[in-house]
Every structure is written in C-alpha cells, then in structure tokens.
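Participant: Quick check, what structure comes out for this input:
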Amino acid sequence: MHRLRSVSLVRLPIALAQIHWKTTPDDVVEWELPTSPRVADVVAGAGFERLDDHHGRRVRTLADTVGPRMRMLVCGLNPSIISADVGFGFASPSNRFWPAAIEAGLVEKPRDPFDALTNGGVGMTDLVKRATKGTADLSPSEYREGAPRVERLVRWLKPPVVLFVGLEGWRTAIERTAQPGFQPGTFGGARAYVMPSTSGLNAHARLADLVAHMRTAAEGR
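Facilitator: Numbers count the residues shown, from 1 in each chain. Here you go, the predicted model:
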C-alpha cells in the first residue's frame, strides 16, 4: 500500500512517478490518494489507469516529471516505445533532445528527467500519453484530446514557459499555420514556444538549430 493521502498535491506527480519507475506495465498498485478533482489528471499524467479509489494499473507510457517552481515545462508529442520501456523521454539513440538540452543549458545530466526537474527546474510531459513506434501512429484527435490536460497542468503549476518539441502536435491541436518560435497569446497562462522535432528523422533541423530554439525559449526572448 502506497500511502499518499498526506502528500501535498503539487508533490504527488513526482511521488507517483517514482512508483511508476519501480513497476512494469500492467502491474496493479494499491494506494491511498489525496481527495481532489486534480487527482484524475495527476494519475493519468503519471502513467496509471485508475481502477478504483484504491487501485491503479501501470500503463506502458512515461510518467510526468513535474512540480512546483518549474522554470520551464517541456512537452513532447508522445512517448516512443523505446522511451516508455526505459523510463525517460527522447530515448532513441538518434534523438538529439538531450545533447541539445545540455548544450543549451537546460539540463546538466543526459537522460535524467528527475535531475532535470529537481536540479534544473525543467519538467517534462507529453501531449499524448499513448506510446507508439512513431508519431505516424497517432490520430489528430489524440493531439486535440491531449492538449486540455496539458493546459490544465500548466494553469495549475504555472511554469512561465512551455516548450513544445515538435510542430506537428501544436499545429494539429492548436494552430495549423503555426511557425517555430513563441506563439501569440498564452497557453494555460504561460508563454508557449514551439520548436522542430529533435528526432533524427527530422533532417531539416541541425543540432545547432535545436540548441538555438531551446536557448531562446529559456531566455524568453
């Protein structure tokens, strides 16, 4: 039994993430959770399917690493199967997210979302929680259905900037003609920056370009 009822709501996502990392897909977890309308979103973001008030099933996906006082929230499109199985995003050897994030000064350690959050103030989530081999397996409706959850997360935890990695999701869910850079208006009260995908399949974006996007988003210019 994981007794989480006394955990503050803003600390619940990382508490559930730590349980997620210690379990495997389809494991059933027994827990006591706080009572709040936000808990449903937190549980889904942590990569669990809530079975009833005291049980959840671990899903083959990534857990959000989010919390209070983030300086930035990074939002990917969705977890790859590789990422879901190893426990951190952008895990493909050809994906340039972590090298770019280190060079841009967003994170200090590669492939370590917990350190990125706790020591760098950089949280991570995904527009769609379902893991796939590639984004071609996602439907437009999945992007549109995922955006409100992320927006609620942003309104709740109030990071000043949300960095969307991959134009595809933003263009499908929010604005189909969007260009890379800061977007007009706000997203959940935060500035939204949209950058190209860091996937190795995106040959149009050089590593230097990805680093420049991340630095601009972090500096808020």
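Participant: From now on I want contacts and neighbour counts done on CA atoms only, so please keep to that.
Facilitator: Fine.
Participant: Give the buried residues for the longest helix seen in the chain.
Facilitator: Secondary structure of the chain per DSSP state H: the longest helix is helix 140-157. The neighbour-count check on helix 140-157 (16 or more other Cα atoms under 10 Å) flags E142, Y143, R144, G146, A147, R149, V150, E151, R152, L153, V154, L157 as buried.
Participant: Skip the chain neighbours and tell me the closest residue to the fifth one.
Facilitator: It refers to A147. Nearest residue to A147, sequence neighbours excluded (Cα to Cα, 6 or more residues apart in numbering): L127, at 5.9 Å.
Participant: Just the element for the residue nearest in space to the middle of the chain, please.
Facilitator: The C-alpha lying nearest the average C-alpha coordinate of the chain belongs to T125 (Cα atoms, centre = their mean; 1.0 Å). With secondary structure defined by DSSP states H and E, T125 is part of strand 122-126.
Participant: Same question for T35.
Facilitator: If you go by DSSP H and E, T35 is not part of any helix or strand.
Participant: Quick one: the strands in this protein, in order.
Facilitator: Listed in chain order, the strands of the chain (DSSP state E) span 2-3, 28-32, 48-52, 55-58, 72-76, 122-126, 161-165, 181-182, 191-195.
Participant: In TSV, list the ones you listed along with distance to V211.
Facilitator: TSV is the format used below for the strands of the chain (distance: least, Cα to Cα, whole Å):
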stretch	distance to V211
strand 2-3	40
strand 28-32	39
strand 48-52	33
strand 55-58	34
strand 72-76	14
strand 122-126	15
strand 161-165	12
strand 181-182	13
strand 191-195	10
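Participant: So for L201, which of those strands sits nearest?
Facilitator: strand 161-165 (13.8 Å; Cα to Cα).
Participant: need the contact list for F88.
Facilitator: The neighbours of F88, taking Cα atoms under 8 Å, 6 or more residues apart in numbering as the test, are L62, R111, D112, P113.
Participant: and the first one, how many neighbours does it have?
Facilitator: Right, the one you point to is L62. Using other Cα atoms under 10 Å, L62 has 30 neighbouring residues.
Participant: same check, this time on the last one
Facilitator: If you count neighbours by other Cα under 10 Å, P113 ends up with 22.
Participant: cool, and the second one?
Facilitator: Applying the criterion other Cα under 10 Å, we find 18 residues in the vicinity of R111.
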